[in-house]
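[1] All I have is the shape, not the residue letters:
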(Lines give C-alpha, C1' and ligand atoms only; values in the text may rest on other atoms or scores of the structure.)
Protein backbone atom coordinates (compact mmCIF):
# COMPACT_ATOMS: atom_id res chain seq x y z
CA UNK A 1 0.00 0.00 0.00
CA UNK A 2 3.08 2.23 -0.09
CA UNK A 3 2.03 4.20 -3.22
CA UNK A 4 -1.25 5.17 -1.56
CA UNK A 5 0.34 6.38 1.65
CA UNK A 6 2.76 8.36 -0.55
CA UNK A 7 -0.21 9.80 -2.46
CA UNK A 8 -1.94 10.98 0.72
CA UNK A 9 1.27 12.46 2.16
CA UNK A 10 2.21 14.21 -1.09
CA UNK A 11 -1.23 15.72 -1.55
CA UNK A 12 -1.34 16.89 2.06
CA UNK A 13 2.00 18.70 1.67
CA UNK A 14 1.00 20.33 -1.62
CA UNK A 15 -2.42 21.42 -0.45
CA UNK A 16 -1.08 22.79 2.81
CA UNK A 17 0.67 25.47 0.76
CA UNK A 18 -1.99 27.44 -1.13
CA UNK A 19 -0.95 30.13 -3.62
CA UNK A 20 0.00 33.43 -2.14
CA UNK A 21 -1.54 36.72 -3.15
CA UNK A 22 1.54 38.82 -3.91
CA UNK A 23 -0.01 42.17 -3.08
CA UNK A 24 -1.84 41.10 0.06
CA UNK A 25 -0.79 42.64 3.36
CA UNK A 26 -0.82 39.90 5.98
CA UNK A 27 -1.44 42.42 8.75
CA UNK A 28 -4.49 44.08 7.25
CA UNK A 29 -7.38 44.40 9.62
CA UNK A 30 -10.33 42.45 8.22
CA UNK A 31 -12.83 45.27 8.61
CA UNK A 32 -10.71 47.99 6.97
CA UNK A 33 -9.77 46.54 3.60
CA UNK A 34 -11.19 46.93 0.12
CA UNK A 35 -10.31 44.16 -2.32
CA UNK A 36 -9.36 45.14 -5.85
CA UNK A 37 -9.53 42.32 -8.41
CA UNK A 38 -8.10 43.31 -11.82
CA UNK A 39 -9.81 42.07 -14.96
CA UNK A 40 -7.17 42.90 -17.54
CA UNK A 41 -6.70 41.59 -21.08
CA UNK A 42 -8.65 38.70 -22.54
CA UNK A 43 -11.16 37.01 -20.28
CA UNK A 44 -10.19 33.35 -20.13
CA UNK A 45 -9.92 30.51 -17.67
CA UNK A 46 -6.75 31.74 -15.98
CA UNK A 47 -8.65 34.85 -14.92
CA UNK A 48 -11.45 32.77 -13.40
CA UNK A 49 -9.00 31.17 -10.95
CA UNK A 50 -7.70 34.54 -9.71
CA UNK A 51 -11.20 35.95 -9.32
CA UNK A 52 -12.38 32.85 -7.47
CA UNK A 53 -9.44 33.07 -5.08
CA UNK A 54 -9.82 36.82 -4.61
CA UNK A 55 -13.53 36.58 -3.86
CA UNK A 56 -12.98 33.69 -1.48
CA UNK A 57 -10.27 35.62 0.38
CA UNK A 58 -12.37 38.79 0.49
CA UNK A 59 -15.32 36.83 1.86
CA UNK A 60 -13.27 35.06 4.52
CA UNK A 61 -11.55 38.25 5.70
CA UNK A 62 -14.69 40.38 5.82
CA UNK A 63 -13.75 42.93 3.17
CA UNK A 64 -15.77 46.15 3.13
CA UNK A 65 -16.16 46.13 -0.64
CA UNK A 66 -14.90 44.40 -3.79
CA UNK A 67 -13.82 46.45 -6.82
CA UNK A 68 -13.21 44.90 -10.24
CA UNK A 69 -10.59 47.06 -12.01
CA UNK A 70 -11.48 46.35 -15.64
CA UNK A 71 -9.77 46.87 -18.96
CA UNK A 72 -10.71 44.10 -21.41
CA UNK A 73 -11.67 43.61 -25.06
CA UNK A 74 -13.77 40.57 -24.08
CA UNK A 75 -13.12 36.85 -24.16
CA UNK A 76 -14.63 33.45 -23.50
CA UNK A 77 -18.35 33.28 -22.77
CA UNK A 78 -18.08 30.20 -20.55
CA UNK A 79 -15.45 31.93 -18.40
CA UNK A 80 -17.69 35.00 -18.27
CA UNK A 81 -20.61 32.94 -17.00
CA UNK A 82 -18.43 31.40 -14.29
CA UNK A 83 -17.21 34.82 -13.20
CA UNK A 84 -20.79 36.11 -12.96
CA UNK A 85 -21.67 33.08 -10.84
CA UNK A 86 -18.75 33.84 -8.50
CA UNK A 87 -19.71 37.52 -8.21
CA UNK A 88 -23.31 36.60 -7.38
CA UNK A 89 -22.11 34.98 -4.15
CA UNK A 90 -20.45 38.15 -2.80
CA UNK A 91 -22.34 39.56 0.20
CA UNK A 92 -20.76 43.05 0.25
CA UNK A 93 -21.14 45.80 -2.35
CA UNK A 94 -19.41 45.16 -5.66
CA UNK A 95 -18.09 47.78 -8.06
CA UNK A 96 -16.77 47.77 -11.62
CA UNK A 97 -14.20 50.42 -12.46
CA UNK A 98 -14.11 50.56 -16.28
CA UNK A 99 -10.46 51.58 -16.64
CA UNK A 100 -10.77 52.34 -19.50
CA UNK A 101 -12.66 49.66 -21.48
CA UNK A 102 -15.28 47.00 -20.77
CA UNK A 103 -16.08 45.56 -24.16
CA UNK A 104 -18.08 42.41 -24.94
CA UNK A 105 -17.66 39.92 -22.05
CA UNK A 106 -16.35 42.78 -19.89
CA UNK A 107 -19.66 44.64 -20.27
CA UNK A 108 -21.58 41.51 -19.25
CA UNK A 109 -19.46 41.11 -16.10
CA UNK A 110 -19.86 44.81 -15.27
CA UNK A 111 -23.64 44.37 -15.34
CA UNK A 112 -23.28 41.69 -12.64
CA UNK A 113 -21.87 44.19 -10.12
CA UNK A 114 -23.85 46.61 -7.95
CA UNK A 115 -22.26 49.83 -9.22
CA UNK A 116 -20.34 50.91 -12.32
CA UNK A 117 -17.83 53.78 -12.54
CA UNK A 118 -15.69 54.70 -15.54
CA UNK A 119 -12.33 56.32 -16.25
CA UNK A 120 -12.19 59.37 -18.56
CA UNK A 121 -12.40 58.26 -22.19
CA UNK A 122 -13.67 54.82 -21.21
CA UNK A 123 -15.96 52.59 -23.31
CA UNK A 124 -18.50 49.94 -22.36
CA UNK A 125 -20.73 47.76 -24.58
CA UNK A 126 -20.61 45.75 -27.85
CA UNK A 127 -21.35 42.36 -26.27
CA UNK A 128 -22.63 40.39 -29.27
CA UNK A 129 -20.99 36.92 -29.36
CA UNK A 130 -18.69 36.06 -32.25
CA UNK A 131 -17.38 32.77 -33.56
CA UNK A 132 -13.62 32.22 -33.48
CA UNK A 133 -11.69 29.97 -35.86
CA UNK A 134 -10.69 26.65 -34.25
CA UNK A 135 -7.29 26.84 -35.99
CA UNK A 136 -4.24 28.07 -34.07
CA UNK A 137 -3.87 31.85 -34.35
CA UNK A 138 -7.26 31.92 -36.11
CA UNK A 139 -9.42 35.04 -35.85
CA UNK A 140 -13.16 35.77 -35.90
CA UNK A 141 -15.30 34.03 -38.49
CA UNK A 142 -18.70 34.80 -39.95
CA UNK A 143 -21.41 33.05 -37.96
CA UNK A 144 -23.88 31.03 -40.08
CA UNK A 145 -27.34 32.56 -39.90
CA UNK A 146 -28.97 29.29 -38.80
CA UNK A 147 -26.91 29.16 -35.58
CA UNK A 148 -26.49 32.89 -34.92
CA UNK A 149 -29.68 33.15 -32.88
CA UNK A 150 -28.67 30.11 -30.85
CA UNK A 151 -25.56 32.01 -29.77
CA UNK A 152 -27.11 35.45 -29.41
CA UNK A 153 -30.24 34.44 -27.48
CA UNK A 154 -28.54 32.92 -24.40
CA UNK A 155 -25.98 35.76 -24.36
CA UNK A 156 -28.75 38.34 -24.39
CA UNK A 157 -30.50 36.46 -21.59
CA UNK A 158 -27.25 36.32 -19.58
CA UNK A 159 -26.59 40.07 -19.71
CA UNK A 160 -30.28 40.86 -19.18
CA UNK A 161 -30.41 38.61 -16.11
CA UNK A 162 -27.20 40.13 -14.69
CA UNK A 163 -28.60 43.64 -15.14
CA UNK A 164 -31.96 42.76 -13.57
CA UNK A 165 -30.36 41.30 -10.45
CA UNK A 166 -28.29 44.44 -9.83
CA UNK A 167 -30.86 47.07 -10.79
CA UNK A 168 -29.34 48.13 -14.12
CA UNK A 169 -31.47 48.78 -17.21
CA UNK A 170 -32.07 45.36 -18.78
CA UNK A 171 -33.22 46.88 -22.10
CA UNK A 172 -30.03 48.90 -22.34
CA UNK A 173 -27.98 45.79 -21.53
CA UNK A 174 -29.69 43.73 -24.24
CA UNK A 175 -29.04 46.47 -26.81
CA UNK A 176 -25.33 45.70 -26.30
CA UNK A 177 -25.98 42.20 -27.66
CA UNK A 178 -28.75 42.65 -30.28
CA UNK A 179 -28.00 45.16 -33.02
CA UNK A 180 -31.60 45.09 -34.28
CA UNK A 181 -32.98 46.23 -30.94
CA UNK A 182 -31.73 49.79 -30.62
CA UNK A 183 -32.31 51.80 -27.44
CA UNK A 184 -34.07 55.04 -26.59
CA UNK A 185 -35.42 56.58 -23.42
CA UNK A 186 -37.89 59.43 -23.05
CA UNK A 187 -37.92 59.89 -26.79
CA UNK A 188 -34.15 60.31 -26.86
CA UNK A 189 -32.36 57.83 -29.10
CA UNK A 190 -29.31 56.48 -27.33
CA UNK A 191 -28.52 53.83 -29.94
CA UNK A 192 -30.26 53.53 -33.34
CA UNK A 193 -31.49 50.16 -34.59
CA UNK A 194 -29.04 47.92 -36.43
CA UNK A 195 -26.20 49.26 -34.26
CA UNK A 196 -24.69 47.59 -31.21
CA UNK A 197 -24.78 49.82 -28.15
CA UNK A 198 -21.39 51.06 -26.98
CA UNK A 199 -21.23 53.97 -24.55
CA UNK A 200 -18.47 56.44 -23.78
CA UNK A 201 -17.84 57.47 -20.18
CA UNK A 202 -19.60 60.77 -20.85
CA UNK A 203 -22.64 59.08 -22.43
CA UNK A 204 -22.86 56.38 -19.75
CA UNK A 205 -23.14 58.91 -16.89
CA UNK A 206 -25.65 61.27 -18.55
CA UNK A 207 -28.89 61.90 -16.72
CA UNK A 208 -32.03 60.40 -18.25
CA UNK A 209 -35.71 60.41 -17.28
CA UNK A 210 -37.65 63.17 -15.57
CA UNK A 211 -38.64 64.07 -12.03
CA UNK A 212 -38.57 61.11 -9.67
CA UNK A 213 -37.58 58.91 -12.63
CA UNK A 214 -34.36 60.83 -13.29
CA UNK A 215 -31.23 58.71 -13.01
CA UNK A 216 -27.81 58.03 -14.47
CA UNK A 217 -27.95 56.03 -17.69
CA UNK A 218 -25.43 53.42 -16.55
CA UNK A 219 -22.25 54.79 -14.97
CA UNK A 220 -22.53 56.47 -11.57
CA UNK A 221 -19.60 58.73 -12.29
CA UNK A 222 -16.28 59.31 -14.05
CA UNK A 223 -13.20 59.09 -11.82
CA UNK A 224 -9.56 59.53 -12.75
CA UNK A 225 -8.05 56.88 -10.46
CA UNK A 226 -8.65 54.34 -7.71
CA UNK A 227 -8.25 56.86 -4.89
CA UNK A 228 -10.99 59.06 -6.31
CA UNK A 229 -13.19 56.00 -6.72
CA UNK A 230 -12.68 55.08 -3.05
CA UNK A 231 -13.80 58.57 -2.08
CA UNK A 232 -16.88 58.33 -4.31
CA UNK A 233 -18.01 55.03 -2.80
CA UNK A 234 -17.47 56.13 0.80
CA UNK A 235 -14.17 54.38 1.59
CA UNK A 236 -11.58 57.19 1.45
CA UNK A 237 -8.17 56.15 2.73
CA UNK A 238 -9.12 52.47 2.97
CA UNK A 239 -6.32 49.93 2.67
CA UNK A 240 -6.57 48.00 -0.60
CA UNK A 241 -5.62 44.42 -1.35
CA UNK A 242 -4.97 43.77 -5.03
CA UNK A 243 -5.30 40.21 -6.34
CA UNK A 244 -2.99 39.09 -9.15
CA UNK A 245 -2.73 35.86 -11.12
CA UNK A 246 0.10 33.79 -9.65
CA UNK A 247 2.42 31.46 -11.53
CA UNK A 248 0.73 28.55 -9.77
CA UNK A 249 -2.65 29.65 -11.16
CA UNK A 250 -1.21 29.89 -14.66
CA UNK A 251 -0.02 26.29 -14.32
CA UNK A 252 -3.40 25.30 -12.86
CA UNK A 253 -5.04 26.81 -15.92
CA UNK A 254 -3.26 24.22 -18.08
CA UNK A 255 -3.88 21.32 -15.69
CA UNK A 256 -7.59 22.08 -15.42
CA UNK A 257 -8.20 22.68 -19.12
CA UNK A 258 -9.22 20.25 -21.86
CA UNK A 259 -7.50 18.05 -22.94
CA UNK A 260 -4.60 18.19 -20.44
CA UNK A 261 -6.79 17.48 -17.42
CA UNK A 262 -7.90 14.21 -18.98
CA UNK A 263 -4.42 13.31 -20.23
CA UNK A 264 -2.67 13.87 -16.87
CA UNK A 265 -5.43 12.02 -15.02
CA UNK A 266 -5.32 9.11 -17.48
CA UNK A 267 -1.53 8.85 -17.26
CA UNK A 268 -1.67 8.75 -13.45
CA UNK A 269 -4.35 6.07 -13.35
CA UNK A 270 -2.57 4.02 -16.02
CA UNK A 271 0.70 4.14 -14.07
CA UNK A 272 -1.09 2.77 -10.97
CA UNK A 273 -2.66 0.06 -13.14
CA UNK A 274 0.80 -1.01 -14.34
CA UNK A 275 1.94 -1.10 -10.69
CA UNK A 276 -0.92 -3.52 -9.97
CA UNK A 277 0.09 -5.68 -12.93
CA UNK A 278 3.76 -5.75 -11.84
CA UNK A 279 3.56 -5.54 -8.04
CA UNK A 280 6.78 -4.56 -6.34
CA UNK A 281 8.23 -2.68 -9.31
CA UNK A 282 7.55 0.64 -7.47
CA UNK A 283 8.50 2.99 -10.36
CA UNK A 284 5.05 3.02 -12.06
CA UNK A 285 3.42 3.50 -8.65
CA UNK A 286 5.65 6.48 -7.84
CA UNK A 287 4.97 8.01 -11.27
CA UNK A 288 1.22 7.50 -10.81
CA UNK A 289 1.33 9.14 -7.38
CA UNK A 290 3.24 12.15 -8.75
CA UNK A 291 0.85 12.63 -11.70
CA UNK A 292 -2.26 12.38 -9.53
CA UNK A 293 -0.70 14.72 -6.97
CA UNK A 294 -0.06 17.26 -9.76
CA UNK A 295 -3.63 16.82 -11.03
CA UNK A 296 -5.23 17.35 -7.61
CA UNK A 297 -2.83 20.21 -6.83
CA UNK A 298 -3.83 22.03 -10.02
CA UNK A 299 -7.51 21.63 -9.28
CA UNK A 300 -7.02 22.73 -5.67
CA UNK A 301 -5.14 25.86 -6.79
CA UNK A 302 -8.00 26.57 -9.18
CA UNK A 303 -10.40 26.44 -6.24
CA UNK A 304 -12.07 23.25 -7.49
CA UNK A 305 -10.75 20.27 -5.51
CA UNK A 306 -11.08 20.31 -1.73
CA UNK A 307 -9.41 18.12 0.86
CA UNK A 308 -12.63 16.09 1.15
CA UNK A 309 -12.47 15.17 -2.55
CA UNK A 310 -8.84 14.09 -2.19
CA UNK A 311 -9.52 11.98 0.92
CA UNK A 312 -12.48 10.33 -0.85
CA UNK A 313 -10.22 9.43 -3.78
CA UNK A 314 -7.51 8.00 -1.51
CA UNK A 315 -10.10 5.95 0.42
CA UNK A 316 -11.46 4.59 -2.86
CA UNK A 317 -7.97 3.72 -4.09
CA UNK A 318 -7.20 1.89 -0.84
CA UNK A 319 -10.43 -0.12 -1.12
CA UNK A 320 -9.52 -1.18 -4.66
CA UNK A 321 -6.00 -2.06 -3.49
CA UNK A 322 -7.34 -4.17 -0.61
CA UNK A 323 -9.76 -5.93 -2.96
CA UNK A 324 -7.02 -6.82 -5.44
CA UNK A 325 -4.19 -7.71 -3.09
CA UNK A 326 -5.48 -8.76 0.32
CA UNK A 327 -9.18 -9.53 0.72
CA UNK A 328 -10.97 -10.60 -2.48
CA UNK A 329 -14.65 -9.90 -1.72
CA UNK A 330 -16.51 -10.87 -4.88
CA UNK A 331 -15.73 -7.41 -6.21
CA UNK A 332 -17.77 -5.52 -3.58
CA UNK A 333 -14.88 -3.51 -2.14
CA UNK A 334 -13.51 -2.90 -5.63
CA UNK A 335 -16.84 -1.54 -6.91
CA UNK A 336 -17.29 0.72 -3.87
CA UNK A 337 -13.71 1.93 -4.22
CA UNK A 338 -14.14 2.63 -7.94
CA UNK A 339 -17.33 4.62 -7.26
CA UNK A 340 -15.55 6.65 -4.56
CA UNK A 341 -12.65 7.40 -6.92
CA UNK A 342 -14.90 8.39 -9.85
CA UNK A 343 -17.06 10.59 -7.60
CA UNK A 344 -14.00 12.32 -6.13
CA UNK A 345 -12.54 12.97 -9.58
CA UNK A 346 -15.82 14.37 -10.88
CA UNK A 347 -16.38 16.62 -7.86
CA UNK A 348 -12.79 17.86 -8.12
CA UNK A 349 -13.63 19.47 -11.47
CA UNK A 350 -16.61 21.51 -10.21
CA UNK A 351 -16.24 25.04 -8.87
CA UNK A 352 -17.64 25.60 -5.39
CA UNK A 353 -16.46 29.04 -4.19
CA UNK A 354 -17.73 31.02 -2.49
CA UNK A 355 -20.52 29.48 -0.39
CA UNK A 356 -21.25 26.79 -2.92
CA UNK A 357 -24.66 25.17 -3.19
CA UNK A 358 -26.00 22.64 -5.75
CA UNK A 359 -27.91 25.42 -7.50
CA UNK A 360 -24.62 27.15 -8.37
CA UNK A 361 -23.48 24.38 -10.72
CA UNK A 362 -22.91 25.63 -14.24
CA UNK A 363 -23.81 23.37 -17.14
CA UNK A 364 -20.57 24.30 -18.90
CA UNK A 365 -18.48 23.24 -15.91
CA UNK A 366 -20.41 19.95 -15.62
CA UNK A 367 -19.89 19.31 -19.32
CA UNK A 368 -16.17 20.06 -19.02
CA UNK A 369 -15.90 17.68 -16.05
CA UNK A 370 -17.69 14.89 -17.91
CA UNK A 371 -15.58 15.52 -21.01
CA UNK A 372 -12.28 15.36 -19.12
CA UNK A 373 -13.37 12.38 -17.04
CA UNK A 374 -14.63 10.55 -20.13
CA UNK A 375 -11.40 11.24 -22.00
CA UNK A 376 -9.37 9.92 -19.05
CA UNK A 377 -11.39 6.71 -18.74
CA UNK A 378 -11.29 6.01 -22.49
CA UNK A 379 -7.53 6.55 -22.55
CA UNK A 380 -7.00 4.36 -19.48
CA UNK A 381 -9.18 1.57 -20.88
CA UNK A 382 -7.40 1.61 -24.25
CA UNK A 383 -3.93 1.86 -22.73
CA UNK A 384 -4.68 -0.82 -20.11
CA UNK A 385 -5.80 -3.21 -22.83
CA UNK A 386 -2.59 -2.52 -24.75
CA UNK A 387 -0.48 -2.94 -21.60
CA UNK A 388 -2.16 -6.25 -20.72
CA UNK A 389 -1.54 -7.51 -24.24
CA UNK A 390 1.98 -6.28 -24.95
CA UNK A 391 3.72 -5.60 -21.62
CA UNK A 392 4.39 -9.29 -20.84
CA UNK A 393 6.21 -9.56 -24.18
CA UNK A 394 8.59 -6.69 -23.53
CA UNK A 395 12.16 -7.00 -22.32
CA UNK A 396 11.37 -4.78 -19.32
CA UNK A 397 8.69 -7.17 -18.07
CA UNK A 398 10.99 -10.17 -18.44
CA UNK A 399 13.66 -8.39 -16.41
CA UNK A 400 11.14 -7.70 -13.66
CA UNK A 401 9.59 -11.18 -13.45
CA UNK A 402 11.60 -14.29 -12.60
CA UNK A 403 11.20 -16.60 -15.57
CA UNK A 404 14.36 -18.67 -15.51
CA UNK A 405 13.86 -22.44 -15.63
CA UNK A 406 15.36 -23.88 -12.47
CA UNK A 407 16.37 -27.23 -14.02
CA UNK A 408 19.30 -29.58 -13.52
CA UNK A 409 21.09 -28.18 -16.53
CA UNK A 410 21.41 -24.88 -14.69
CA UNK A 411 22.47 -26.45 -11.43
CA UNK A 412 19.08 -26.70 -9.68
CA UNK A 413 17.61 -29.79 -8.07
CA UNK A 414 14.03 -30.18 -9.23
CA UNK A 415 11.25 -32.59 -9.83
CA UNK A 416 12.19 -34.93 -12.71
CA UNK A 417 11.12 -33.46 -16.04
CA UNK A 418 9.30 -36.65 -17.01
CA UNK A 419 7.07 -36.37 -13.94
CA UNK A 420 6.54 -32.67 -14.43
CA UNK A 421 5.59 -32.98 -18.09
CA UNK A 422 2.83 -35.39 -17.12
CA UNK A 423 1.08 -32.49 -15.37
CA UNK A 424 0.54 -30.57 -18.63
CA UNK A 425 -3.16 -30.56 -19.51
CA UNK A 426 -4.42 -31.11 -15.96
CA UNK A 427 -7.49 -29.02 -15.23
CA UNK A 428 -8.26 -27.45 -11.89
CA UNK A 429 -9.07 -24.13 -10.28
CA UNK A 430 -7.26 -21.22 -8.66
CA UNK A 431 -7.39 -21.73 -4.91
CA UNK A 432 -6.02 -18.21 -4.32
CA UNK A 433 -6.01 -15.05 -6.37
CA UNK A 434 -3.23 -15.47 -8.96
CA UNK A 435 -1.28 -12.17 -9.11
CA UNK A 436 0.31 -13.72 -11.22
CA UNK A 437 1.59 -16.34 -8.76
CA UNK A 438 -0.54 -18.32 -6.34
CA UNK A 439 -1.86 -21.77 -5.55
CA UNK A 440 -3.82 -24.02 -7.89
CA UNK A 441 -5.74 -27.18 -7.00
CA UNK A 442 -5.85 -30.10 -9.47
CA UNK A 443 -7.91 -32.93 -8.04
CA UNK A 444 -6.26 -33.83 -4.73
CA UNK A 445 -3.00 -32.01 -5.58
CA UNK A 446 -2.01 -28.44 -4.76
CA UNK A 447 0.79 -26.68 -6.64
CA UNK A 448 2.47 -23.31 -6.59
CA UNK A 449 1.65 -21.91 -10.03
CA UNK A 450 2.19 -18.80 -12.12
CA UNK A 451 -0.06 -17.50 -14.89
CA UNK A 452 1.07 -17.18 -18.47
CA UNK A 453 1.94 -13.64 -19.57
CA UNK A 454 1.48 -12.36 -16.01
CA UNK A 455 -2.33 -12.50 -16.06
CA UNK A 456 -4.28 -11.74 -12.88
CA UNK A 457 -6.91 -14.46 -12.31
CA UNK A 458 -9.53 -14.31 -9.53
CA UNK A 459 -9.90 -17.04 -6.95
CA UNK A 460 -11.95 -19.96 -8.26
CA UNK A 461 -11.10 -19.39 -11.93
CA UNK A 462 -10.97 -22.68 -13.90
CA UNK A 463 -7.37 -23.16 -15.01
CA UNK A 464 -5.31 -25.65 -16.97
CA UNK A 465 -1.59 -26.42 -16.76
CA UNK A 466 -0.07 -25.12 -20.00
CA UNK A 467 3.64 -25.64 -19.24
CA UNK A 468 5.66 -27.42 -16.59
CA UNK A 469 9.44 -27.16 -16.19
CA UNK A 470 10.91 -28.43 -12.98
CA UNK A 471 9.23 -26.59 -10.12
CA UNK A 472 7.78 -23.94 -12.42
CA UNK A 473 4.17 -24.69 -13.36
CA UNK A 474 2.54 -22.27 -15.79
CA UNK A 475 -1.26 -22.15 -15.95
CA UNK A 476 -3.77 -20.42 -18.15
CA UNK A 477 -7.41 -19.46 -17.91
CA UNK A 478 -9.24 -22.54 -19.19
CA UNK A 479 -11.85 -20.53 -21.10
CA UNK A 480 -9.19 -18.43 -22.79
CA UNK A 481 -7.14 -21.47 -23.71
CA UNK A 482 -10.13 -23.32 -25.19
CA UNK A 483 -11.30 -20.28 -27.11
CA UNK A 484 -7.78 -19.95 -28.54
CA UNK A 485 -7.89 -23.52 -29.80
CA UNK A 486 -11.34 -23.23 -31.35
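    Here it is on my side, so go on. Small disclaimer: the values here were computed from a predicted structure and weren't measured.
[2] how much space between the residue nearest in space to the middle of the chain and residue 343?
    With distances taken as CA atoms, centre = their mean, the residue of the chain nearest its centroid is residue 349 (3.6 Å). Distance check for residue 349 against residue 343: by CB to CB, to the nearest Å, it reads 11 Å. C-beta here means a position set from N, CA and C on the backbone, and glycine is covered the same way.
[3] Likewise for residue 377?
    13 Å.
[4] Quick one: name whatever helix or strand follows the host helix or strand of residue 289.
    For residue 289, the enclosing helix or strand under DSSP states H and E is helix 283-301. Proceeding N to C from helix 283-301, the next assigned helix or strand is helix 307-325, under DSSP H and E.
[5] which other helices and strands contact that next one?
    helix 2-15, helix 283-301, helix 332-347 (3 or more CB pairs under 8 Å, 6 or more residues apart in numbering; DSSP states H and E).
[6] Between those helices, pick out the one with the smallest average pLDDT, please.
    Across the helices and strands packed on helix 307-325, helix 2-15 has the smallest mean pLDDT, namely a mean of 49.
[7] okay, now the nearest residue to residue 436 once chain neighbours are set aside: neighbour count?
    Spatial nearest neighbour of residue 436, chain neighbours left out: residue 451 (4.1 Å); criterion: CB to CB, 6 or more residues apart in numbering. Number of residues near residue 451 (other CB atoms under 10 Å) recorded here: 23.
[8] can you pull the contacts of residue 451?
    If you count contacts by CB atoms under 8 Å, 6 or more residues apart in numbering, residue 451 has them with 434, 436, 437, 457, 474, 475, 476, 477.
[9] so of those residues, which ones are in strands?
    437, 474, 475, 476, 477 (DSSP state E).
[10] Give the partner strands of the biggest strand by length in the chain in its sheet and their orientations.
    Using DSSP E, we find that the single longest strand of the chain is strand 93-103. Strand pairing for strand 93-103, determined by DSSP bridges: strand 65-72 (parallel), strand 115-118 (parallel), strand 123-125 (parallel).
[11] Quick check: which of those strands is nearest to residue 202?
    Of all the strands paired with strand 93-103, strand 115-118 sits nearest to residue 202, with 9.0 Å by CB to CB.
[12] So for that closest one, mean pLDDT?
    97.
[13] List the contacts of it.
    Residues from elsewhere that reach strand 115-118 (CB under 8 Å, 6+ apart): 93-100, 110, 124, 168, 201, 204-205, 218-223, 229, 232-233.
[14] ok, 7 Å please
    93, 95-98, 110, 124, 201, 204, 218-223, 229, 232 (CB atoms under 7 Å, 6 or more residues apart in numbering).
[15] Mind listing the shared neighbours of residue 377 and residue 343?
    Residues touching both residue 377 and residue 343 by CB under 7 Å, 6+ apart: none at all.
[16] what residue ranges in the stretch 101-250 of the chain are flagged as low confidence?
    Residues of the stretch 101-250 of the chain meeting the criterion pLDDT under 70: 131-144, 146, 249.
[17] Cheers, nothing more for now.
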